[in-house]
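Peer 1: following is a predicted model, sequence given first.
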Amino acid sequence: MSETQRIDLHPAYILHTKPYRDTSLLIDVFSHEYGRLGMVARGVRGSRAQKKQALQPFRRMLLSWQSKSDLGSLTQWETDGLPILLTGNSLMSGFYLNELILRLTHRHDPHPVIFEHYQSALQCLSESQEPEVCLRRFELALLNELGYGLILDHEANSGAMIEKDQLYCYYLEQGPVIDTGAGTSQCSGVRLHGETLLELASSEFASERSLKQAKQLMRTLLSRYLGDKPLKSREAFRQSLSAPGAGFNKQ
């Protein structure tokens, strides 16, 4: 990037911040048209830095910045609409979404469709009593947009349409195949019912069994692309579960 790029009031979300020097922050931003970006927000820390309060996750922002290298400089920001309020399990789930974007997307790689799904997921988390449904929808959309789409409507070997009551074994390199060894150890993939595949495809879950199986499948798939480094948000869930009176569900 040889010339200075200047962007004015562009829609974006703050994914993560950390202190930088005495009064500044390093921030990870997810923008609508420019993808994930790293920026320095100067002079926002300290007793007189009131605007720091606006640089928080889960709040749609309009950001202005300039950059000549991989790390840009934030020059102006303002909130765009009402903040989305997340608490408890929904808040922890929001941090999980942010970490997925940080880990699975590259800087300066535009993903406007993922941006829209992220907004929808945050809204879903703020309104729904079933955060797990919101998470499964976003995970599926994220994998699809990154080119890791799942086969959910037909059997990988024969091409036959998925049957609701049939048991399948989902192999990461292949897709779902009919499980001929139900109740045995012959399935080295993820064993699930056709109902789960169909409900995952429609993003509508009618049963706890389907939601549980979909969670297992998505976790197995994501683990492949995330690598060996554990997700910090999952560790936070585990700590929440061990705390007195905790009632969170892990992603």
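Peer 2: That came through, no problem.
Peer 1: point out where the chain drops to low pLDDT.
Peer 2: 1-2, 47-53, 182-185, 237-251 (pLDDT under 70).
Peer 1: all the helices of it, residue numbers only.
Peer 2: 88-104, 112-127, 131-145, 194-202, 208-226, 232-242 (DSSP state H).
Peer 1: next, the buried residues of the first one.
Peer 2: Within helix 88-104, the residues scored as buried using 16 or more other C-beta atoms under 10 Å are 89-101, 104. For every residue, glycine as well, the C-beta is placed using N, CA and C.
Peer 1: ok so, going back, out of the helices of the chain, nearest to Gly159?
Peer 2: Closest of the helices of the chain to Gly159 is helix 194-202, at 14.4 Å (criterion: C-beta to C-beta).
Peer 1: that closest one packs against which elements?
Peer 2: Using 3 or more C-beta pairs under 8 Å, 6 or more residues apart in numbering; DSSP states H and E as the contact criterion, the elements in contact with helix 194-202 are strand 167-171, helix 208-226.
Peer 1: now those as JSON lines including mean neighbour count?
Peer 2: Below are those laid out as JSON lines (neighbours: other C-beta atoms under 10 Å):
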{"stretch": "strand 167-171", "mean neighbour count": "20"}
{"stretch": "helix 208-226", "mean neighbour count": "17"}
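Peer 1: between the ones you listed, which one is closest to Leu26.
Peer 2: Of all the helices and strands packed on helix 194-202, it is helix 208-226 that lies closest to Leu26, at 22.2 Å by C-beta to C-beta.
Peer 1: so which elements touch that closest one?
Peer 2: helix 88-104, helix 131-145, strand 190-193, helix 194-202.
Peer 1: make it 7 Å
Peer 2: On a contact count with 3 or more C-beta pairs under 7 Å, 6 or more residues apart in numbering; DSSP states H and E, helix 208-226 meets helix 131-145, strand 190-193, helix 194-202.
Peer 1: partner strands of the longest strand along the chain and their direction?
Peer 2: Ranked by residue count, the top strand of the chain under DSSP state E comes out as strand 5-20. Looking at strand 5-20 with DSSP bridges, its partner strands are strand 24-31 (antiparallel), strand 61-67 (antiparallel).
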